[in-house]
Structure formats: structure tokens, C-alpha cells
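S.K.: heads up, no residue letters with this:
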């Protein structure tokens, strides 16, 4: 198991980064683990769904959403199944997605300065290694870190594709412009990105002098919800992505990168195969997978096996260059400092 610095030194070609929830948990485990989110969630709109967490002995929102979606599909096959029950199951699945967005926003750090400058400096040093950054996370930690450039003199490419709205430069937000070539991609949406119907908007502090988290919470109070891909099944996530020009472009970008891809904070869960499945079919030549803790743990053994399976899948594609798999000790990346 090599260190992160050793992996960076050995990586060939341009280097890119894929972030999972471990990136946020490493800084704020009291907020971003599913257990913490569950303990702080308000289930008043879906009491039946809350009981399912106990029945399944899990705190994983996506696992429960996945079960409800399967129930919605299976129940109509039974003659005695009441249409009202099927509709209740569907409503509970949708309610859980809203509950998840609410609990992340309500418990999110209030201000960028809730994170210490030294932590930002470590994070930016980590991010500066990469050409493109892709994240599954909904929170603002990556965005805040990229914007917190007063702590160093690093020149991090952090274009997310949002600009002043054309013909409406004084608007209190920025909007996504399809013609740009972003280097930062929120693969599943994010708290600060909202679908306004005719355009995709991003909340910023600089346009309003109102903290982004406050803007998000006010929007939620008005029953406006951020662009979130929280479906339980990989195929359902892909369906939602394909109906969003922004998300679809991010996915196409991920499949088109070459060189070396570093994965940090993700255990290769099957419900993200709509993205991960692009690795063996894509152009990346070297895959560096961060392993946290004992490599022989159940989770890590599954992650390692799946990474190696990607290489096998690549070898079965005619005229494709081999996919080399490498593992590094994720703790040595020192993403937020000691």
C-alpha cells in the first residue's frame, strides 16, 4: 500500500479526482455520516419510512429509498395490493429525498469560516494535484475550499461552468452556461445548485451578501429544492442524470478523461455504477483507489475486488489500452490536515 505522495509521483499523464462522501466525513463526521444525518432528520412527513430504517437495521437513506422504489414496482403484481398503499410507498420514497436534502442543509456548517484556514490550506494542496475534480457530494465543502484562495498562492483550476446570466448580469445568482468547459463537476447535484426550469442557477455570496447556507435554507422554507440525485438505484440515478443537461455533461466529461484517476472517500457502492461503470469503458489508463483503514476489512476487500474487476472488464474490450489498478493509503493524503 503506497502513500498518496508516492502515488502522485508515479501517476502518468493528467491526474483527475473522484470524491465520495469520505471527503466530507473526514472533516465533519458529526454531520455527514448517514448515522448522524439520520439522528437529526425530521421524519414527520414520512413516519412509515422512518420505521423502515429500524426494520432494515440501517441508517443509509439510499438503501431505504431503494427498498421503497422496489416495493412500488412489486406491489401492483399482487392482486390484493391496494392502490392507496402503492401510492403511499411512492410518496414516502419522494419524501425521503426531501428529508435528506433538508437535514444536510439544516445541519451544514453555517459559514466558510467555521473551517480553519489551516484545514483549507491542506485541502487546497490536495486538490491542486488534479486537472478535473468530480464529486458525488451534495455539500459545500469542496466549493468553499476551491473559493478560499486567500490561504495560499496556488493556481487551482476551479471552473464549474456557471456565469452571470446572459442579458441579466445583475441577477442575484449565476447560471450554468452549456458552452463552457468546466473542470469541477457535481455529478449528483449540490445544495447550492437549483433547477429554475428555464435555467440552472447557483447561489453565491458575492451576488447577494447573504451566506449561501442561509439562501439554501430560505429556499427550502419556500418549498424550493436543490438539484439532487438521491435515487436508491443506479439506473434510476442515471435516468435523472440523463434528463439534466448539466448532469449529463458532467457524466460525459468523466467518461472522456484520460491519464490517471484518483478516487478518494468512495467504496465503489453498486448504487453509483452509473458513474463507476464508465471507468472500464472510458479512457483512464491508471486508477488509483484510496483505501482507508485495514485493507482486509469487509468494505475494503469489496472495494479492492471491484477495482480489479474494472481492469478485467477493460481487458475484454477490443483495442482498449489496459487499465492499471493501484491502491494508496487514503489517510496519507492528509486532506484536511492532522
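M.R.: Yep, that arrived. These numbers come from a predicted model, not from an experiment. Residues are numbered from 1 along each chain as shown.
S.K.: which residues sit in contact with the residue most central in space within the chain?
M.R.: With distances taken as Cα atoms, centre = their mean, residue 136 lies nearest the centre of the chain, 1.3 Å away. Residue 136 is in contact with 18, 19, 20, 21, 187, 188, 266, 272, 275, counting by Cβ atoms under 8 Å, 6 or more residues apart in numbering. In this view, the C-beta of every residue, glycine as well, is placed from N, C-alpha and C.
S.K.: would you check which pair of those residues lies furthest apart?
M.R.: 21 and 275 (13.7 Å; Cβ to Cβ).
S.K.: surely residue 295 and residue 305 touch.
M.R.: No - the pair residue 295 / residue 305 is not scored as a contact, 11.4 Å apart, by Cβ atoms under 8 Å.
S.K.: what about these two, which has more around it?
M.R.: Remark: of residue 295 and residue 305, residue 295 carries more neighbours, 13 against 10, as counted by other Cβ atoms under 10 Å.
S.K.: for that one, phi and psi?
M.R.: In terms of degrees, to the nearest 10, the main-chain angles of residue 295 are phi -60, psi -20.
S.K.: how is the chain divided into domains?
M.R.: Following automatic domain parsing, one gets these domains for the chain: 4-28+113-333, 34-107.
S.K.: in TSV, list these along with mean pLDDT.
M.R.: Conversion of those to TSV gives the following (pLDDT from 0 to 100):
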stretch	mean pLDDT
domain 4-28+113-333	89
domain 34-107	86
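S.K.: can you give me phi and psi for residue 326?
M.R.: The phi/psi pair for residue 326 (degrees, to the nearest 10) is phi -130, psi 150.
S.K.: so how far is residue 136 from it?
M.R.: Distance, residue 326 to residue 136, using Cβ to Cβ, to the nearest Å: 21 Å.
S.K.: before we move on, what about residue 181?
M.R.: Distance, residue 181 to residue 136, using Cβ to Cβ: 21 Å.
S.K.: what does stretch 14-27 contact?
M.R.: Outside stretch 14-27, the residues within contact range by Cβ under 8 Å, 6+ apart are 8, 31-33, 115, 119, 127, 129-137, 139, 141-142, 254, 257-267, 284, 290, 292, 330, 335-336.
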